[in-house]
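Novice: following is a predicted model, sequence given first.
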Amino acid sequence: MVVKKYGEEAAIYRWIRSNDIELLDKLNQANISVKTYKKIEALIDRMSWDGFTSSDLASHLSMTVRNAQRIMSGLSESGLVEYKGEELQSPRGRPRKIYMLKK
């Protein structure tokens, strides 16, 4: 269970609008809402991440890892995030992809 402090959620949801036509077109192409993108952007700023994985997003935004992977795939295809590298989580299995948000 994730316990949120008062005001923490408000900080994430404060800016859920955008007037950037290019951004809106890319998000529409990726089939991702402005609200979801702004939540990701606010989380990255608040946590001061220079790189992040789908698992990081899933755990902090209370979503499934599969949903976070779908979002990251769409953002990557539309050019809003870039693939930065990989991290090995254990000796077996696939490495996790590390992404970076393009500004």
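Specialist: Happy to help now that I have it.
Novice: D50 contacts L101, correct?
Specialist: No. Applying C-beta atoms under 8 Å as the test, D50 and L101 come out as separate, 9.7 Å apart. Every residue, glycine included, has its C-beta placed from N, CA and C.
Novice: so which of these two has more stuff around it?
Specialist: L101 (18 against 9; other C-beta atoms under 10 Å).
Novice: surely the more buried one touches K84?
Specialist: No. Using C-beta under 8 Å, L101 is not in contact with K84; the gap is 10.0 Å.
Novice: shaky segments in the protein?
Specialist: Within the chain, the segments meeting pLDDT under 70 span 1-16.
Novice: not counting sequence-adjacent ones, nearest residue to the residue positioned nearest the centre of the chain?
Specialist: Central residue of the chain (C-alpha atoms, centre = their mean): I40, 4.0 Å from the mean position. Once flanking residues are discounted, I40 sits nearest to L57: 6.3 Å by C-beta to C-beta, 6 or more residues apart in numbering.
Novice: skipping adjacent residues, who's closest to T64 in space?
Specialist: A58 (6.1 Å).
Novice: and the most far-flung residue of the chain relative to its centre, which of the three is it?
Specialist: Seen from the C-alpha centroid of the chain, the residue lying at the greatest distance (C-alpha atoms, centre = their mean) is P91, 26.1 Å away. With DSSP: H, G, I helix; E, B strand; the rest coil as the basis, P91 sits in coil.
Novice: how about the strands in the chain?
Specialist: All strands of the chain, identified by DSSP state E, fall at 81-87, 96-101.
Novice: quick one: the longest one to strand 96-101, angle?
Specialist: Put simply, strand 81-87 runs at 150 degrees to strand 96-101, going by axes from the mean of the first three to the mean of the last three C-alpha atoms, to 10 degrees.
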